[in-house]
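Peer 1: Provided below for reference: sequence and predicted model.
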Amino acid sequence: MGPARQHADTSATQEQARQRAAELLPDSPSAQNSLAWYYVTTDQPQKGLAPAQRAVRLMPGNSAILDTQAALFFQTGRCREAVAMGRRALDMLHEGVPDAARQDFKRIVTVFETKCVPAPSAQSNQPQLTEGGMRQLHRVSCILTSRLESPGGPAPWPCSA
């Protein structure tokens, strides 16, 4: 089996495991957010919207959960909602959060504010995310999540450009 096939198998297994956890634990904001974040990182934002919304309903003051919802809004071109949710996530950070994480949240909101461009179609007012904006979002979100999950320690996964 080649590396591409192994990656596809691993990715499908990860998705299935997260889906199963979300099904078994419908009242767990962590399980719902984990599934939603998986869809952020695999460029499947439409699939992530429902579990992200459940996570936000279950834990509306959690900045990491709000950040996931903001990222999904951003990926689906819902820039105004992404900016509002990103700002809400920033506002919900606790005082004890390291300044580096706070700066990362600010960078994410800045990405949301600056990387959306008008859609090419005159019929659509829906902003679209540029390719560079998507790469920057993934990088900053990965770093932010790593810092929140492993404060002071090494990132649990690589954050490639």
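Peer 2: Arrived safely.

Peer 1: strands of this structure, start to end?
Peer 2: 116-117, 128-129 (DSSP state E).

Peer 1: lowest-confidence stretch among those strands?
Peer 2: Looking over the strands of the chain, mean pLDDT reaches its minimum on strand 128-129, with a mean of 52.

Peer 1: what about the residue nearest to residue 76 when sequence neighbours are not counted, how many residues close to it?
Peer 2: In space, and not counting its chain neighbours, residue 76 is closest to residue 45: 4.8 Å by Cβ to Cβ, 6 or more residues apart in numbering. Using the backbone N, CA and C atoms, a C-beta is placed for each residue, glycine as well. Other residues lying near residue 45 total 20 when counted by other Cβ atoms under 10 Å.

Peer 1: likewise for residue 20?
Peer 2: 12.

Peer 1: next one: residue 23
Peer 2: A count of nearby residues for residue 23, using other Cβ under 10 Å, gives 10.

Peer 1: heads up, I number from 45, so please use that
Peer 2: New numbering, starting at 45: the last item is residue 67.

Peer 1: would you mind measuring from it to residue 139?
Peer 2: 36 Å (Cβ to Cβ, to the nearest Å).

Peer 1: that older thread, next, the contact list for the residue nearest to residue 120, please.
Peer 2: For residue 89, the contact set (Cβ atoms under 8 Å, 6 or more residues apart in numbering) comprises 83, 115-116, 119-120.

Peer 1: next one: it from residue 71, what distance?
Peer 2: 24 Å.

Peer 1: do the same with residue 151
Peer 2: If you measure residue 151 against residue 71 using Cβ to Cβ, the figure is 32 Å.

Peer 1: neighbour count for those two, which is higher?
Peer 2: Set residue 151 next to residue 71 and count neighbours by other Cβ under 10 Å: residue 151 wins out with 18 against 8.

Peer 1: next one, pLDDT for that one please.
Peer 2: At residue 151, the pLDDT value in this model is 89.

Peer 1: tell me which helix or strand of this protein sits lowest on mean pLDDT?
Peer 2: Ranking every helix and strand in the chain by mean pLDDT, DSSP states H and E puts strand 172-173 at the bottom, with a mean of 52.

Peer 1: distance of residue 81 from residue 158?
Peer 2: Taking Cβ to Cβ, one finds residue 81 at 23 Å from residue 158.

Peer 1: give me the more crowded residue out of the two.
Peer 2: A count of neighbours by other Cβ under 10 Å puts residue 81 above the other of residue 81 and residue 158, at 23 against 11.
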